[in-house]
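Q: pasting a predicted model and its sequence here:
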Amino acid sequence: MQFKSKIDESKLQETHKMLQEILNFVDKISLLMFKKEILVTSLFRPKTDDSGVHALGRAADIRTVDYFTTKQITVLVFLINSMYVYDAPRLNYNVALYHRVEGNTWHIHIQVHDNTKIIW
């Protein structure tokens with residue numbers, strides 16, 4: 001697993017334990033299937049109106065642009081959401097999203113809740 005920022009790399013152990021587990025899972029899958037480590041581009045963000053779960057240590061962004069193909073992105077997001085449930089009472093939320101937030105590039109966003117569980 002690689003990190004865009006040394007600060008984020010040093011803070012990984014301070015994030016939610018389930019987020020750490022999922023990032024390790026995705027990195028292993030990416031290495032096995034695509035022969036490349038994931039690149040975490042955002043972990044902690046200062047608390048602002050739009051920092052959301054990043055400010056709580058419960059989210060990470062993974063680079064996709066010029067890094068993974070569309071098929072590889074689809075496989076990763078599918079596998080993550082097949083393995084983990086964000087919050088059982090709120091099944092409309094996913095652990096992995098492929099999205100673009102205004103002003104940023106497309107990326108895989110991983111988010112966890114205290115109720116996030118592995119489902120198989």
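A: In hand now; what should we look at?
Q: per-residue confidence for the nearest residue to Val65 once chain neighbours are set aside?
A: Of all residues not flanking Val65 in the chain, Thr105 sits nearest, at 4.8 Å (Cβ to Cβ, 6 or more residues apart in numbering). For glycine as for every other residue, the C-beta is placed from the backbone atoms N, C-alpha and C. Thr105 is assigned a predicted lDDT (pLDDT) of 90.
Q: sec struct for Thr105, please.
A: Secondary structure assignment for Thr105 (DSSP: H, G, I helix; E, B strand; the rest coil): coil.
Q: burial check on it, number of neighbours?
A: Other residues lying near Thr105 total 12 when counted by other Cβ atoms under 10 Å.
Q: and the helices in this protein, which stretches?
A: 6-11, 17-34, 70-83 (DSSP state H).
Q: what's the closest of those helices to Phe44?
A: With Cβ to Cβ as the measure, helix 6-11 is the member of these nearest Phe44 (5.3 Å).
Q: residues making contact with that closest one?
A: With Cβ atoms under 8 Å, 6 or more residues apart in numbering as the contact definition, helix 6-11 has outside contacts at 3, 40, 42-44, 57.
Q: quick check: phi and psi on the residue nearest to Val65?
A: phi -90, psi 170 (degrees, to the nearest 10).
Q: filter the contacts of helix 6-11 down to the buried ones, PyMOL style.
A: Only the buried members of these end up in this PyMOL selection, burial being decided by 16 or more other Cβ atoms under 10 Å:
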select buried, resi 3+40+42+43+44+57
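Q: residue ranges with poor pLDDT in the protein?
A: Counting by pLDDT under 70, the chain contains low-confidence ranges at 45-51.
Q: and for Glu102, the neighbour number?
A: Glu102 - counted by other Cβ under 10 Å - has 5 other residues nearby.
Q: as a quick check, tell me the outermost residue of the protein.
A: Pro89 (21.0 Å; Cα atoms, centre = their mean).
Q: and that one, how far from Phe34?
A: Note on Pro89: its distance to Phe34, by Cβ to Cβ, to the nearest Å, is 34 Å.
Q: contacting residues for the closest residue to His16 other than its chain neighbours?
A: Leaving aside its sequence neighbours, His16 sits nearest to Arg58 (Cβ to Cβ, 6+ apart; 4.7 Å). Arg58 makes contact with 15-16, 19, 111-113 under the criterion Cβ under 8 Å, 6+ apart.
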